[in-house]
Structure formats: structure tokens, C-alpha cells
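Enquirer: got a predicted model here, sequence first, then my questions.
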Amino acid sequence: MGRYFVKRVLGTIPLLLVISFLIFMFIHLIPGDPVRNMAGREATTEELENLRESMGFNKPLYQQYFSYLNDLVHGDLGISYKTKLPVSEMMIGRLKPTLKLTFFATLWSTIVGIAIGVLSAVNRGKLIDYLGMLIAISGISIPGFWLGLVMIQIFSVKLGWVPTGGLDTWRSYILPSITLGCGIMAILARFSRSSMLDSLGEDYVRTARAKGQRERLVILRHAFRNSLVQVVTVIGLQIGGLLAGSVLIETVFTIPGLGRLLVDSLAFRDYKVVQALLLFFSFEYILINLIVDLLYGVLNPRIRLK
Amino acid sequence: MNENNLLKVENLRTEFKISRKKSVAAISDVTFEIDKGEIVGLVGESGCGKSVTSLSIIRLLNDTSGEITHGSVWFKGNNLLKLSDEEMRHIRGKEIAMIFQEPMTSLNPVLRIDNQLIEAIQLHTEYTKQEARKHALETLRSVGIPDPERVSRCYPHQLSGGMSQRVMIAMAMSCYPDLLIADEPTTALDVTIQAQILDLMQGIRNTRGTSILLITHDLGIVAETCSRVYVMYAGRIIEEAPVDILFSNPSHPYTQGLIASIPKLGLEAESLPFIPGSVPDITMMPGGCRFHPRCRYATEICSQKEPELISINESQKCRCWLKTSEYSIKTENGESRK
């Protein structure tokens, strides 16, 4: 298991290289000039040229890429054009709110989503099933930013239960977490329902009943454990997207997290920050999928790794 | 009812909902009995209602749209259909155990063998986990598994089909049930393993006195293992006979056709005899005798009225107009034509 893990982690390096190249190229394809943003409106052409040269922007793109890569392997993410602070420092400061938000969103949406899915499957064709799937369809269909705004209007502005934004108390996390997790909850509900229906129809579930096992345990111990194998894949893919999905939510709720940082840096064409953030999101996505692969083995002995 | 009787199924009828208002009967008027220590065969083509019958007996139709609408299942003097779900749960696995056609998929793929056995044992005994594990190993050994310690730590996918079926039998026998229902237990296995599993089941009957209801489509298996046979066709029992009589003197035209279609060694023939047509669809059952469209002796009455299952001699019953007193003359003709 340990060796497999190391192998998989090392395997991410070429992947990250390709990703870093794509990110670099795409960013430089976006129209807009960071030098003009930095120098301000009044700067003369000469000043702009000087600045451009000092920042290395007049070099060919491939040279810029290699020097970026060189810095990267030395652990240097560069200096932000906007704040003149090291990018890594800026990211660390913003990491905590985003991670917290992602964690809470994942936590509630996984529990609620799977619970709805299992209940719907077990009560297939009954009221609970229809209700559960209504919630799921709503969760998928309603856009997060809209839900966020509506909830702010109701719970913050009208009722005053929670703050409209910022991160002053633990209450500040409630609305953003709900908004962020809504889509995943819905997808998980639908997915675990169908996965659960599959396993409920399996022969081993009939065997468990033929043993005289209690229906509750037939469902939990036999059907549910097997359905989890499929559900975990979806959880992995979704959480990977969550961190990046926080971009919208952090903007709506004015949370100083990585998502907000990305939006602000993009507007300023702060290449170094954008590159670092995108690379970070990609790495996180790969990492979570790696964890899911390992979890697979724990849940499903058929693919347990030697 | 004789005192040796263990299970008596009377006029059992199970219906399946095919739409909101419409149901069709998968089996009806199914009546049979099993004595203590007896191996009884239930034979028929696929789709004739054998499995529905067995699932109806232990009331495992709840994950289908099936419902028992008529009849009774007497087991040791209790009507199983009248028991509460909780009471029925104590019968399942303890008094009546069941093994299935696909041993590979009938074991839970994410649980180790020992855990699945211990679960079955602890459900119906007061054993601690340690005692249950010990008992599980003994049961595994008793079904001819050579290295129970190793096998018990395996996951189902690490076992062969024959091994899995042995494990299933071990699990079924772990609480010493009085009745074992084996639904096509050897169909998914290759021939040598089939023989081993059948030997094993006969051994269990001989040592424990367990009654076995053997459901199969394979007349060869019936000939080797069973003492009495019920033949099913399209949801009805159409013939009942001791095994030797069934093979030497089958009375129902369907049974005759089945037995005629068994290949015989050393007999050179151009082609095997067969029964024309196929089993009717459950939603489009022919009126009258359900076999009449395929029956070469069919007469007018056969398409109009369904015959009853009647005794034609002291040990044999048959559901055929040709065996009734009114129409019996035609039987003679029919047989002479054959």
C-alpha cells in the first residue's frame, strides 16, 4: 500500500508538468496587460517598456515558461504584481477559510446526500422517494450564486440570523457551506439512490434475507456497503471541484479565501498568483482522486492492492 | 397429514403486479409436501415458477412485486403465511435455509467468508463471536472445505464457484435447519463439481436428516438424488411421482416429452425428440390446459377447461384430461399411437 501510494504521488509529477504548461499558455492568451495595470494610467510608453523588461515580459514565451518552471521546482511561486508580496504567503493566508468552507460543505452534503439516496432507494416509488428526488432535482437545477443571494436576503437581511458575509463568527460559514454543498448533495442523492437500488437487487442481499437477517441490517451491512464503492468515486470527483467551486461562493459571500483571490488576481492579470492558484487547484484535484483510489481498495476487496 | 410430514404447501398462488391494476399469477394451485429426511425434486423449464414457489415458501418475495394471494404453507404444523415478519425471520436461516443458483454472486463481495458465516450463526444462536467463529470453521470443514482457516479469511472473489457453493451450503447448514431449499444449486457449476455438490447434499441428508427441496431443470440430477418428484409447467404442478416411476412410466404428455428428450448413451438417433413450441409467456397463458398448444394428444376439452391434479394410481398424480375417467379411452389411443 505504501509503495503504491508513493508511486501514485510520483506519477502526478508529469501530469502537473503538463497542467502547468497549459495554465501558463492559457493565461498568456487572455487579453489584457499586467504591466499597464501595475504602472497605472499615467505611465509613459518608456516607463511601460522599462517595467516590461525588468519583469521579463519581453522575452519569448518559452523562456518565460522555463524560468517560471525553474522557480517552481525551487519552491518559489513568485511575487505578486499587485501586492508585491510572495504568492505563497498570500495563498497561505487565504487557505484556511477556503479549506474550512470546503470541509463543512463536503461534510453536510455527503451525509445528507447519501441519506436521501438510501432512504429514497429503500422506499422506492413511495412519497419519501419522490420527495428525496424533488430535493435532488432542485439542488442540481438551482445555481449556487442565486441560492446564495436568496438565502442572504432571507436569513441575513430579513431575519438577521446570520451575517451577510465575511468570516467573523462560525455562523458566517453556515450559508456559504449550504450553498456550496447543495449541488453535491443533490448529485450524491441521485447517485447513491441508483447505486443502492442496484445493490438491493443483488443476489447477496437475498442471501442475507434468507439468513434471517433484520431488514435494517440487510440494508446497511449488505446493500449499503456495496453501494458505497460507486458513491465514493462521485464524492472524489465532486470534492475536487468544490475547492475551485468556492470561487463563486466566496465572491457572493465576500469571504477572503482562495476563490476570491483567484477572481481578484485574474481581474488584475496578476499572472503569478493565477498560475499558482490554478496549479494548486489541479494538484488538490489529483490528490483527492488519489485518496479516493486508495479508499476504493479499503471498500472493495476485489481491487485491493497488493 | 402423516406425522413424518415436514412441509405441506396447499393451493399456493403467487401473483405479480404488471401494472397498477393488473396482476398475473406466476404460480397457482401449487400443492406438494415434503417428509422429514426426504429429498424432493421440483422440476421444470426456466420460467415455469419453480423459483417463485421456493421464494414464496420462505416469503422472500418482498423485493419483487410478487404477492402470495392464496393458499397455505404448513411447516411443522404452523402456517408460515400467517406468521408475522419477525416470526418468519426466525424461521429463515434457522429452520428453513436456502441456497441459490449463482454461488459467486450470492455471497457478499465486500465481506470476508468468516464474517458472513458468523453473521448467520449469531442470528439464531447465543454464541459469542469466538464460539461462532469456531462453529463456522467446523461447518466449513463439514462441507469438505480442505483448509477452513484460510478459506474463512478469503473474500468471495478469491474462491471458485464450487468452493463458493460449499460455503453457501455451510452457511445454510450452520444452524442445522430442518429444510434446505436448493434452487438450481449446481446449474452454474461444471459437471464434476456438480456431482460433488450433490454428493455433499445427500451426505447432509444422511447424517443430519435434513429434508431437501431440490429445484432444478436437470432430470439427470433428479434421477440421482431425489426420491419423489413434482413436475411444474407454466405455474402449475402437472405431475407428481416417485422418481423411478416418473422415469419408467411418465403419465403427463409434458413429462413424457421431457424424458424422451434426454439423450441416451449408445442409442443412435438422427435427432433428439423435442417438445414443439416454448413455455407460454406469463401474461398470455392459453386457456384450458396450459400445455395444450404444445401437446400432441390435445383434444377439444383441453383448450376449454383446465384439468385438476388427480391421482392416477396410488403413488402418481397427473394434471391431464387424458387421465380422467371421461377421456381415458383417448389416452389408450394416444399411447398406442406413440
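Expert: Ah, there it is.

Enquirer: what about the helices in the chain?
Expert: With no chain named, the answer covers chain A. Ranges of helices in chain A, per DSSP state H, are A:2-29, A:34-39, A:45-54, A:61-73, A:87-122, A:127-141, A:144-151, A:174-200, A:203-210, A:215-217, A:225-252, A:258-268, A:271-299.

Enquirer: that's the other chain; I wanted chain B
Expert: B:50-57, B:85-91, B:103-106, B:113-124, B:129-142, B:148-152, B:161-173, B:191-208, B:219-225, B:243-248, B:253-260, B:300-304, B:328-337.

Enquirer: dump those helices to CSV, plus distance to chain A and mean pLDDT.
Expert: The C-beta positions use only the backbone N, C-alpha and C, and glycine is treated the same way. Compiled in CSV, those are given as follows (distance: least, CB to the nearest CB, whole Å; pLDDT from 0 to 100):
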stretch, distance to chain A, mean pLDDT
helix B:50-57, 8, 92
helix B:85-91, 5, 92
helix B:103-106, 4, 91
helix B:113-124, 5, 94
helix B:129-142, 13, 93
helix B:148-152, 14, 94
helix B:161-173, 7, 91
helix B:191-208, 16, 90
helix B:219-225, 21, 90
helix B:243-248, 27, 92
helix B:253-260, 28, 90
helix B:300-304, 37, 88
helix B:328-337, 42, 47
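
Enquirer: now tabulate those helices in CSV and tack on mean neighbour count.
Expert: CSV is the format used below for these (neighbours: other CB atoms under 10 Å in any protein chain shown):
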stretch, mean neighbour count
helix B:50-57, 24
helix B:85-91, 15
helix B:103-106, 22
helix B:113-124, 23
helix B:129-142, 17
helix B:148-152, 17
helix B:161-173, 24
helix B:191-208, 16
helix B:219-225, 18
helix B:243-248, 17
helix B:253-260, 21
helix B:300-304, 16
helix B:328-337, 12
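
Enquirer: nearest to residue A:76, out of these?
Expert: Nearest to residue A:76, of all these, is helix B:113-124, at 52.4 Å by CB to CB.

Enquirer: for the closest residue to residue B:71 other than its chain neighbours, what are its contacts?
Expert: Nearest residue to residue B:71, sequence neighbours excluded (CB to CB, 6 or more residues apart in numbering or on different chains): residue B:12, at 3.7 Å. By CB atoms under 8 Å, 6 or more residues apart in numbering or on different chains, the contact list for residue B:12 reads B:27-31, B:53, B:56, B:68, B:70-73.

Enquirer: count the residues that sit near the closest residue to residue A:49 other than its chain neighbours.
Expert: Leaving aside its sequence neighbours, residue A:49 sits nearest to residue A:58 (CB to CB, 6+ apart; 7.9 Å). For residue A:58, the count of nearby residues is 12 (other CB atoms under 10 Å in any protein chain shown).

Enquirer: and residue A:151, how far is that from residue A:132?
Expert: 21 Å (CB to CB, to the nearest Å).

Enquirer: follow-up on the earlier one: to residue B:151, which of the helices of chain A lies closest?
Expert: helix A:203-210 (17.3 Å).

Enquirer: could you tell me how many residues sit around the closest residue to residue B:169 other than its chain neighbours?
Expert: Nearest residue to residue B:169, sequence neighbours excluded (CB to CB, 6+ apart): residue B:143, at 5.1 Å. Neighbourhood size, residue B:143 [other CB under 10 Å]: 23.

Enquirer: do you know how far residue B:143 is from chain A?
Expert: Distance, residue B:143 to chain A, using CB to the nearest CB, to the nearest Å: 16 Å.

Enquirer: could you give the residue of the stretch 201-338 of chain B that lies closest to chain A?
Expert: In the stretch 201-338 of chain B, the residue that lies nearest chain A is residue B:213 (13.4 Å; CB to the nearest CB).

Enquirer: what sits against that residue?
Expert: By CB under 8 Å, 6+ apart, the contact list for residue B:213 reads B:7, B:34, B:40, B:42, B:54, B:57, B:179-182.

Enquirer: could I get those as a markdown table with distance to residue A:288?
Expert: As requested, those are exported to a markdown table (distance: CB to CB, whole Å):
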| residue | distance to residue A:288 |
| --- | --- |
| B:7 | 55 |
| B:34 | 57 |
| B:40 | 57 |
| B:42 | 53 |
| B:54 | 47 |
| B:57 | 49 |
| B:179 | 51 |
| B:180 | 48 |
| B:181 | 47 |
| B:182 | 47 |
